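Peer 1: return a 3D structure for these sequence lines:
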Amino acid sequence: MHVRPRPWLALVVLSTACATGGEPQATDSASSPFFTNAGESSDTTGGEPDTTTTTGQPEPTSTTTTQGTTDPGEVTTTTLDPTTTGSTTDPGTTTGTTGEPLDPCPQIRVVTPNDVLNVRPTPSTAMAAIGTVTNGSVHDVLAIVQGENIDGEDTWYRIDGPWPEGYVFGSFVECIPEQRPPDEDGFFLPLQCGTSTTVTQGNFGDFSHQGNSAYAFDFSLATGTPLVAIADGTVSSLYGDTKPGDPCYNGGGQECNPYTNYVTLLHGDGTGSVYAHLSAVQVSLGQVVPRGSVVGLTGSTGWSTGPHAHVARQENCGGGFCQSIAVSFEDVPDDGVPVTGETVTSQNCP
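Peer 2: Next up is the predicted model:
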């Protein structure tokens, strides 16, 4: 990951007056200006798509006072008196009115109730979105500013991206420590680039991740979702004979275990990986599979209670399902090991 030099942060006071003189109204998430539903483009001509109601927004760190009636596309930069609204304690660290530091916040992770969060050209909802960022994605922070105050929150984050200047609203992101650059030779999530989903069972899960499967992961994915290689590998074993209409194609009890469609890969470090419960296998025995390439489509074949993907790094035992071993994914923040209930977003983008 490219790490930008840390800029001095400017606090920005946004005028919320519309061009017609009216004040923009803060909206709740039932008609939220912050989200775009999956499959919809950002609205540039009118209202925003509806979303579900959310609660639990973080407490504000300060309050913006609106000054003037400038155009909503403009912002006014104000130098704050350290004795009143904030103080600089050391380079790169600004303390807000509550005494909580506004910096360091080198990166943010998007945390929204929807699939994506809108990016705005100014720290305000007055102008149309210029892009979106996916739930769970991580972004470099270029500045922390004060902007439109909605429901007591006025913090906006300027983030790095394919736009001249882009801001996201502070209630739907969380600050995280700077993540180490990914090792391109490491292991990545078994999802196509940009795909987000939830881990329904992590390591040592009570339902079935014990013994050989102790270090496995289950990902919630609809049938037919492409599953990709977590690292470069060669197909060492596979089974794909369970077809639509067969008794165990849509899952079943332990008696269906032998009829699980799966693919195993052998990697350069001598370990393997397994991709199980596939609805279709899309590789052949001995095939070289680069990282990020499709090995099969998700399903619910074999011993399964519903569509999902079962993926694990494992020892090389020469068969399909061997003893699972620990793996740290380069595109999962912090220690690289997602836990049950965590939303992950793939950066498996070779």
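Peer 1: strand partners (parallel or antiparallel) of the longest strand seen in the chain?
Peer 2: Under DSSP state E, the strand in the chain containing the largest number of residues is strand 138-150. Looking at strand 138-150 with DSSP bridges, its partner strands are strand 107-110 (antiparallel), strand 153-159 (antiparallel).
Peer 1: which of those strands has the lowest mean pLDDT?
Peer 2: Of all these, mean pLDDT reaches its minimum on strand 107-110 (a mean of 89).
Peer 1: next SSE after that strand?
Peer 2: Counting by DSSP states H and E, the next helix or strand C-terminal to strand 107-110 is strand 116-119.
Peer 1: which parts of that next one are buried?
Peer 2: For strand 116-119, the neighbour count (16 or more other Cβ atoms under 10 Å) marks 116-119 as buried. In short, each C-beta sits where N, CA and C put it, glycine included.
Peer 1: then stretch 262-274?
Peer 2: 262-267, 271-274.
Peer 1: how about stretch 213-233?
Peer 2: Neighbour-count burial for stretch 213-233 [16+ other Cβ under 10 Å]: 213, 215-221, 223, 225-233.
Peer 1: got the contact list for the residue nearest to residue 195 when sequence neighbours are not counted?
Peer 2: With Cβ to Cβ, 6 or more residues apart in numbering as the criterion, residue 195 has its nearest non-adjacent residue at 4.9 Å, and that residue is residue 346. Neighbour list for residue 346: 188-196, 331 [criterion: Cβ atoms under 8 Å, 6 or more residues apart in numbering].
Peer 1: which one of the buried residues of stretch 262-274 sits closest to residue 166?
Peer 2: When these are compared for distance to residue 166 (Cβ to Cβ), residue 273 comes out closest, at 36.1 Å.
Peer 1: can you give me the helices for the stretch 251-350 of the chain?
Peer 2: Counting by DSSP state H, counting those that start in this stretch, one finds no helices in the stretch 251-350 of the chain.
Peer 1: wait, a strand at residue 218?
Peer 2: Yes: under DSSP: H, G, I helix; E, B strand; the rest coil, residue 218 falls within a strand.
Peer 1: now do it, the pLDDT please.
Peer 2: 96.
Peer 1: and residue 281, by the same measure?
Peer 2: Taking residue 281 on its own, its pLDDT is 98.
Peer 1: hang on, it packs against residue 242?
Peer 2: No: between residue 281 and residue 242 no contact is recorded; they are 9.8 Å apart, counting by Cβ atoms under 8 Å.
Peer 1: more neighbours, these two?
Peer 2: residue 242 (25 against 19; other Cβ atoms under 10 Å).
Peer 1: contacts only, for that one.
Peer 2: Contacts of residue 242 (Cβ under 8 Å, 6+ apart): 248-249, 259-261, 301-302.
Peer 1: before we move on, what about residue 157?
Peer 2: With Cβ under 8 Å, 6+ apart, residue 157 has these contacts: 105, 108, 141, 143-145, 167-168, 170, 173.
Peer 1: let me have the residues you listed in a markdown table, adding neighbour count and distance to residue 151 as columns.
Peer 2: Output for the contacts of residue 157, formatted as a markdown table (neighbours: other Cβ atoms under 10 Å; distance: Cβ to Cβ, whole Å):
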| residue | neighbour count | distance to residue 151 |
| --- | --- | --- |
| 105 | 20 | 21 |
| 108 | 22 | 19 |
| 141 | 24 | 22 |
| 143 | 20 | 22 |
| 144 | 25 | 18 |
| 145 | 24 | 18 |
| 167 | 26 | 17 |
| 168 | 26 | 16 |
| 170 | 25 | 11 |
| 173 | 26 | 15 |
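Peer 1: what about the residue nearest to residue 172 when sequence neighbours are not counted, how many neighbours?
Peer 2: Nearest non-adjacent residue to residue 172, counting by Cβ to Cβ, 6+ apart: residue 112, 4.7 Å away. Applying other Cβ under 10 Å, we find 25 residues neighbouring residue 112.
Peer 1: oh, and call the first residue 15 from now on, that's how I've got it
Peer 2: With 15 as the first residue, the last one maps to residue 126.
Peer 1: so how far is residue 330 from residue 126?
Peer 2: Residue 126 sits 40 Å away from residue 330, going by Cβ to Cβ, to the nearest Å.
Peer 1: and what of residue 219?
Peer 2: From residue 219 to residue 330 the distance is 24 Å (Cβ to Cβ).
Peer 1: can you check residue 300 too?
Peer 2: 15 Å.
Peer 1: so these two - more neighbours on which side?
Peer 2: residue 330 (15 against 8).
Peer 1: excluding sequence neighbours, find me the nearest residue to the more buried one.
Peer 2: residue 286 (4.8 Å).
Peer 1: same check on residue 251?
Peer 2: Closest to residue 251 by Cβ to Cβ, 6+ apart is residue 278, at 4.4 Å.
Peer 1: quick one, what contacts residue 304?
Peer 2: Per Cβ under 8 Å, 6+ apart, neighbours of residue 304: 243, 246, 364.
Peer 1: repeat for residue 133
Peer 2: 143-147, 173, 175, 177, 180-182.
Peer 1: switch to 7 Å and redo it
Peer 2: Listed by Cβ atoms under 7 Å, 6 or more residues apart in numbering, the contact set of residue 133 reads 143-147, 175, 177, 180-182.
Peer 1: now residue 181
Peer 2: 133-134, 136-137, 161, 170-172.
Peer 1: could you redo the last one with a cut-off of 6 Å?
Peer 2: 134, 137, 170, 172 (Cβ atoms under 6 Å, 6 or more residues apart in numbering).
Peer 1: what's around the first one, how many residues?
Peer 2: Neighbour count of residue 134, defined by other Cβ under 10 Å: 25.
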